[in-house]
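Q: Sequence plus predicted model, see below.
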Amino acid sequence: MAAIPFEQCPAKTWTQPDGSVVEGRSVLNHCQIVGETARCLIARFPEPMRSRLFPVGSEIAAGGHDIGKVSPSFVAKILRACGIDFKTLPELTKATPDLESQWGGHAGVSQATAEELGTPKYVAEILGQHHGFNPNVDDKRGDAEVFGGNAWFDERKKLVAALKDCLNSDWPVVEHAAQARIIAGLTSTADWIGSGKFFEDPTQDWQPNINAALNDAGFIKPVIKQGLSFIDVFDPIKRQMQPRKAQTLFLDQITGPGIYILEAQMGMGKTEAALYAAYQLLAQQKATGIYFALPTQLTSNKIYDRFNAFLDQILGPDTPNRALLLHSGAWLLEHSDMGEDGAPGGAWFNQSKRGLLAPFAVGTIDQALMAVMNVKHGFVRAFGLAGKVVILDEVHSYDLYTGTILNELVAFLRQIECTVIILSATLSQSRRNALLQQATVSSAYPLVTAVSSMENTVVTEMAVPTEDSQSITLTSCRNDHQALEEALRRAQQGQQVLWIENTVTEAQQRYLDMASRAVQLGCDIGLLHSRFTPQDRAVNEAKWVKLFGRSGWSQRPHQGRILIGTQVLEQSLDIDADFLVSRFAPTDMLLQRIGRLWRHSDTPRHACALPDCWLLTPAMEQALINPRAAFGLSAMVYSPYVLCRSLEAWQSLSVVALPSGIRPLIDQTYAERLETDEWSVLLHELTQGTRFHTGEEAQLALARLTLSKGGKTLPEHKAETRYSDQDTHDVLLLSSLRIDAGETRMRLLDGRELKLPHSRQRLSKAGWRTLAVALNQQLVRVSPANCPARIAKHTLEKLHLHEVFYLGKPEDDEALLRVALVSPSGELQTLDSRPAGEKHILEYRNDLGYRALSNKE
């Protein structure tokens, strides 16, 4: 088969202002743009970190990603998209663009070609992975007939030579797998930016646009103020906030990349210690940015205010796009442009993913964990974390599945020049050892543990001198009604009451039990959990976290309040209750919850308030004999063995002193021991599993499977970062939806109407982003058992929802979006007005959230 010269092969289509589609930039031109973009990205890393992460020639690996586009099947696909009959060209008479999926498209051709050219180790795989997964090349050679034979292979060789000449570089020699993963992420990221709005028009000069494109995409090299003290950063006005002893000892240990663990009681200022350490490293050019990883979306949302106040103090006024870095909304990069994958409807439009690529971001730990998982675009996350200070907050409560992935992440971060700061109030010694992958000996509390640099194997452990700051009175309660009456009584007095349940269902029921009575008594009452739409959740969080935080102190005397919630309330939130009621939970969770009680000594409180915590507990004897009956739904959330071990530690306590009581309770709960009788049965269920739970041995095997580097790359929903026996789905909730005059009209739950055009040209890119952001705020994530029925993908595409939501590719087997209409009464219905639930009545209320009721109720 004769070949089209590589200079004439198009890499892209280009949609002109009039809507017509024509050939865009050539393959050489696009590869050169991506290579130069990669070179500029690398230059934004400080030395000597840059040289250790990116071997000489890394920009060629990025630029060479699309050499496979010089192939008959791809060129035919581009011409067909432009309305050209490619069969009329003699070089393309045998072209079969529809068969590209058999070898992973042009990325597979790139990989096979690089292997045939004898590129250094890892390089061919880097080229093949630039769409986020390993292409299925099998044993196809670079000169295979399906790739155009020798004639087309020769053109690809000429393209490589021309690209090396343009970039004045050669293939990189990659030292190890971690380095290869970073270069693969660099390649995909440079490709996204090089495919964005700054480079679309092939008639325009592209060289002057690279820095603007990088800044617009959020890759901003910040200017850091020098010489700021702890007070300068955190208390610049009052200038009273001196660092505490634990903070000072911790900061003294951090001199560069390594692993640093701070174990200290709730409210001690661990967050400020971590951020100031990050500031010092940034000022010394030993870090490229910060990723602050938290356990839940609620905690990551609420840390934004503190994080942005910190950034405002440390960023120099001449930082480019400074306002973009200080944007505190959930869509930190909503104005940026990163090509097709980062556009509305693209796989990486969602801020939760793209935040890792920004210099400064707060997010959940899940996105960081995917950096070491065999998941689509996992290596992009790895690139986004390279060289940063990665703060892992509240590291204590993860099960063996997530803990195994977390251990791998911490080890990987050490290899890619990161400073890993681990914060916890309730870390067990076994978890500390697993995170460090080294033995520790100290049982002191508070405790600072440090392993500086990747090469160092010496563990430094420093005890922090401290005195007990308070004692909490504990009351075990076997009667929910009694606790409910006590909560209402205290709220009526004017106290601020916190009630924490272990499941959303129970939290919703407690809210319904108390809401009307609380209002009659003149008290305010609210509910926080994960099954609200982001829009409603943001409103609820803003109100209640403010009322129970420092900014609500002036309003505390006005009325009593009851805030009911789930585990989202126990971590990383600076909320302060006068009285706490908690469903019994594992020891570390209970200590976290107690950390929200009488948190600050200067908080204004009602005269009758006392530091009291009521624990809703079963009897020990019942718990051992039948834990599922004794603990109820909590035994579906937590291991019955761990619940019973925790109950054994807490059952005789009437007071817990902080911080001295923390380490003994953790050790008593989690220390390994030989078990007999009922205890041995529960331990066996923990390790081997039951029909209700997957055992720890199976969880460990599953975690290792997700970390496997070989085999098919998993779509994200198949590579869960937290073990669950079932997947979850996104449900789009609307008041109404209809097609009218070439557009999909949707009415939101708050009454606003949005119009989704059926033509891409009817909205600007900014318009599509705004529309996509608004609709993403109407999603709720729920389990399949409580979901509306699946809607066929082609039906969603007829509604043009693929323009604003990533629906997934059929070959990836990704979960489809679910859609339901919310009636005026709150019941969910299908698009044709039938009840949305088969086994349950599904409802949504902005004060209660999403819930599933039995049809028998």
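A: Cool, got the structure.

Q: which residues touch V390?
A: Contacts for V390 (CB atoms under 8 Å, 6 or more residues apart in numbering) come out as 290-291, 293, 368, 413, 418-421. Glycine gets a C-beta too; all of them are placed from N, C-alpha and C.

Q: at 6 Å what do you get?
A: Remark: with contacts taken as CB atoms under 6 Å, 6 or more residues apart in numbering, V390 is in contact with 291, 413, 418, 420.

Q: and it, that's in a strand?
A: Yes - using DSSP: H, G, I helix; E, B strand; the rest coil, the secondary structure at V390 is a strand.

Q: could you pull out the helices for the stretch 601-750 of the chain?
A: Along the stretch 601-750 of the chain, the segments classed as helices by DSSP state H, counting those that start in this stretch run 620-625, 627-631, 634-637, 640-650, 662-670, 677-688, 696-707.

Q: got those helices as CSV, with mean pLDDT columns?
A: Below are these laid out as CSV (pLDDT from 0 to 100):
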stretch, mean pLDDT
helix 620-625, 95
helix 627-631, 95
helix 634-637, 92
helix 640-650, 96
helix 662-670, 93
helix 677-688, 92
helix 696-707, 82
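
Q: taking the ones you listed together, which one is wrapped up most tightly?
A: With neighbours taken as mean count of other CB atoms under 10 Å, these reach their highest mean count in helix 640-650, at a mean of 22.

Q: what's next to it, contact-wise?
A: Residues contacting helix 640-650 (CB under 6 Å, 6+ apart): 586-587, 620, 623-624, 627, 631, 665, 668-669, 682-683, 686.

Q: Let me know the closest of the residues you listed to N134.
A: Minimum distance to N134 across the contacts of helix 640-650 is 35.4 Å, recorded for L686 (CB to CB).

Q: Please verify my assumption that that closest one contacts Y638.
A: No - here L686 lies out of contact with Y638, judged by CB atoms under 6 Å, at a distance of 10.4 Å.

Q: Identify the contacts common to those two.
A: Counting by CB under 6 Å, 6+ apart, L686 and Y638 have no contacts in common.

Q: Dead centre of the chain: give me the residue that sits there.
A: By CA atoms, centre = their mean, the chain has its centre lying nearest to Q367, at 3.3 Å.

Q: Closest one to F45 out of the contacts of V390, please.
A: Minimum distance to F45 across the contacts of V390 is 12.3 Å, recorded for C418 (CB to CB).

Q: ok, of the contacts of V390, which one's closest to V223?
A: Within these, proximity to V223 (CB to CB) peaks at Y291, which comes in at 19.5 Å.

Q: who touches that closest one in this structure?
A: For Y291, the contact set (CB under 6 Å, 6+ apart) comprises 361, 385, 388, 390.

Q: can I get those residues in a markdown table with pLDDT and distance to K158?
A: Shown next, in a markdown table, are these (pLDDT from 0 to 100; distance: CB to CB, whole Å):
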| residue | pLDDT | distance to K158 |
| --- | --- | --- |
| A361 | 84 | 42 |
| L385 | 94 | 37 |
| K388 | 96 | 39 |
| V390 | 96 | 43 |
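
Q: Now, of these, which are buried?
A: Buried members of the contacts of Y291, counted by 16 or more other CB atoms under 10 Å: 361, 385, 388, 390.

Q: Test my guess that G552 contacts K543.
A: No - using CB under 6 Å, G552 is not in contact with K543, being 9.2 Å away.

Q: Which one's more surrounded, the two?
A: Each of G552 and K543 has its neighbours counted (other CB atoms under 10 Å); G552 has more, 19 against 15.
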